[in-house]
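S.K.: show me how the following folds:
(one chain, ligands or ions: 2)
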Amino acid sequence: MSSRLQAEHLYKVFGRRPDDAVERIRKGADREELREDGVTAAVIDASFSVAPGEIFVVMGLSGSGKSTLLRMLNGLLEPTSGRVSFDGRDLTALDDRELREVRARKISMVFQHFALFPHRSVRENAAYGLEVQGVPRAERERRADEALALCGLAGWESSWPDELSGGMQQRVGLARALATDADLLLMDESFSALDPLIRRDMQDQLLELQKTLKKTIVFITHDLNEAMRLGDRIAVMRDGRIVQTGTAEDILLRPADDYVASFTKDVDRSRVLTAESVMDTEVRGDEADCGCETADPATPFTQLCALSARLSHPVAVVAGGEGEGGERRLVGVVPRQRLVGFLGGRPGTEGGEPVPCDRPGDARGEKVISRA
Ligand SMILES: Nc1ncnc2c1ncn2[C@@H]1O[C@H](COP(=O)(O)OP(=O)(O)OP(=O)(O)O)[C@@H](O)[C@H]1O
Ligand SMILES: [Mg+2]
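M.R.: Ligands and ions are numbered 1, 2, ... in the order given. Presented below is the predicted three-dimensional model:
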């Protein structure tokens, strides 16, 4: 995988003699021991890389080290140990002037409470990053207006910040980040202060924008539902360490430990799972000509449920065919009961009529995988 941004064995220790603390951690000391000595190991041995155009989410509870990690990614904090590279350049080796240049042109931050300048118009606020770069007024206003329009704020350019709702102000923050053309966006709990509906709306808007803008985004949140909605991949942090990195599906179906699993209890699984993640692959074949409606591996869970409800037999999951070249192949089946199991319900309680079937493995009463 090519990478835009790479973190290699990053450590950040606050307190006295941080280098010694890193050594102690490497030798097995834990965070609590250090804390007794007044030293905080905020980030411990964090490594990951973010691909161009990817939304990489860092998820963890308060105090787990997310903001500290993010500040090392744009050079606001110097790692105690480890390396950050951006487009192949070692950020940790840049001098102050080079670093300021990278931060002004290549990287934008969007914070939780975006502080707008109260005595500047919405347009001037959105243009602020460009002003810092020294872009002439006419151009920066044009670009600010474009970014505001992308964020759904066309018509508000001349308003004052206090005429906007909290959600709209947050969108001005996003517009400011987009206007600069920086293609690495670092977003620290950018939507956390918004009420749930507006928050959903902002998430949708970000995903929509991302389809065309294809920025590289590191997004921080303490909400796993948000992480799963937005993230191409998610890193889960606990006590300064990244304990798992994976897709939403990995985290949901294959949590690395009980800690990660405990987060997934509140997740709306139906939004994450697809036919591929729930199908039984014991049954597969070269051709898939059952003459009835089928699902493909990417069919979302909710659609799969609707399809399953229409059919009197398990749903066949078929891959290949049109556009992909090659034959259509049966890659798995989804008996109705299996859907219930994946939602975290008790298997076998769904009732319903017996399912006519003539394929092996279609039989009901199979073991249902359930972690909840
Ligand atoms: N400048 C600092 N000096 C000393 N300790 C710090 C500093 N910044 C952060 N910490 C400590 O490092 C740990 C991680 O903090 P950080 O802000 O990165 O967590 P977070 O995951 O972003 O939390 P939140 O969700 O509350 O924003 C905390 O224990 C915090 O007290
Ligand atoms: Mg934070």
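
S.K.: now tell me what touches stretch 200-216 from outside.
M.R.: 4-5, 50-56, 150-152, 167, 170-171, 174, 178, 183-185, 190-191, 194, 217, 226, 229-230 (CB atoms under 8 Å, 6 or more residues apart in numbering). All C-beta atoms are positioned from the backbone trio N, CA, C, and that covers glycine.

S.K.: low-confidence ranges in the stretch 201-350 of the chain?
M.R.: 284-290, 322-325, 344-350 (pLDDT under 70).

S.K.: show me what contacts the closest residue to ligand 1 within it?
M.R.: Closest approach between the stretch 201-350 of the chain and ligand 1, counting by CB to the nearest ligand atom: His222, at 5.3 Å. With contact taken as CB under 8 Å, 6+ apart, His222 is in contact with Met59, Gly60, Leu61, Ser62, Lys66, Glu189, Ser192.

S.K.: ok, now with 7 Å
M.R.: By CB atoms under 7 Å, 6 or more residues apart in numbering, the residues touching His222 are Met59, Gly60, Leu61, Ser62.

S.K.: what about the helix or strand where the first one lies, near ligand 1?
M.R.: Following DSSP states H and E, one finds Met59 within strand 55-60. Yes: for strand 55-60 and ligand 1, the contact criterion (CB under 6 Å from any ligand atom) is met by Gly60.

S.K.: contacting residues around the helix or strand that comes right after that strand?
M.R.: Next in sequence after strand 55-60, counting helices and strands by DSSP H and E, comes helix 66-73. Identification of contacts with helix 66-73 by CB under 7 Å, 6+ apart yields 5, 7, 10, 12, 42-43, 46, 58, 60, 77, 79, 84, 186, 188, 218, 220, 237.

S.K.: which parts of the stretch 51-200 of the chain are helices?
M.R.: 66-73, 96-105, 122-126, 128-133, 137-150, 166-179, 196-213 (DSSP state H, counting those that start in this stretch).

S.K.: re earlier: now do the strand holding Met59 and helix 66-73, the angle between them.
M.R.: Going by axes from the mean of the first three to the mean of the last three CA atoms, to 10 degrees, strand 55-60 is angled at 140 degrees with respect to helix 66-73.

S.K.: which other helices and strands does strand 55-60 contact?
M.R.: helix 66-73, strand 216-221, helix 224-230, strand 233-238 (3 or more CB pairs under 7 Å, 6 or more residues apart in numbering; DSSP states H and E).

S.K.: now find how far off-centre the helix or strand that comes right after the last one is within its chain.
M.R.: Scanning forward in sequence from strand 233-238, with DSSP H and E defining helices and strands, the next element found is strand 241-246. Centroid displacement of strand 241-246 relative to its chain, using CA atoms, centre = their mean, to the nearest Å, is 13 Å.

S.K.: contacts for strand 241-246?
M.R.: Taking CB under 7 Å, 6+ apart as the rule, strand 241-246 contacts 44-46, 48, 233-236, 251, 255-257, 259-260.

S.K.: any chance of those in CSV, with secondary structure too?
M.R.: Converted to CSV, the contacts of strand 241-246 look like this (DSSP: H, G, I helix; E, B strand; the rest coil):
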residue, secondary structure
Ile44, strand
Asp45, strand
Ala46, strand
Phe48, strand
Arg233, strand
Ile234, strand
Ala235, strand
Val236, strand
Ile251, helix
Pro255, coil
Ala256, coil
Asp257, coil
Tyr259, helix
Val260, helix
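
S.K.: neighbour count and distance to ligand 1 for those residues - can I get that in TSV?
M.R.: Output for the contacts of strand 241-246, formatted as TSV (neighbours: other CB atoms under 10 Å; distance: CB to the nearest ligand atom, whole Å):
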residue	neighbour count	distance to ligand 1
Ile44	26	11
Asp45	17	15
Ala46	25	11
Phe48	18	16
Arg233	19	18
Ile234	25	15
Ala235	26	12
Val236	26	12
Ile251	27	18
Pro255	19	20
Ala256	15	19
Asp257	11	19
Tyr259	14	15
Val260	21	16
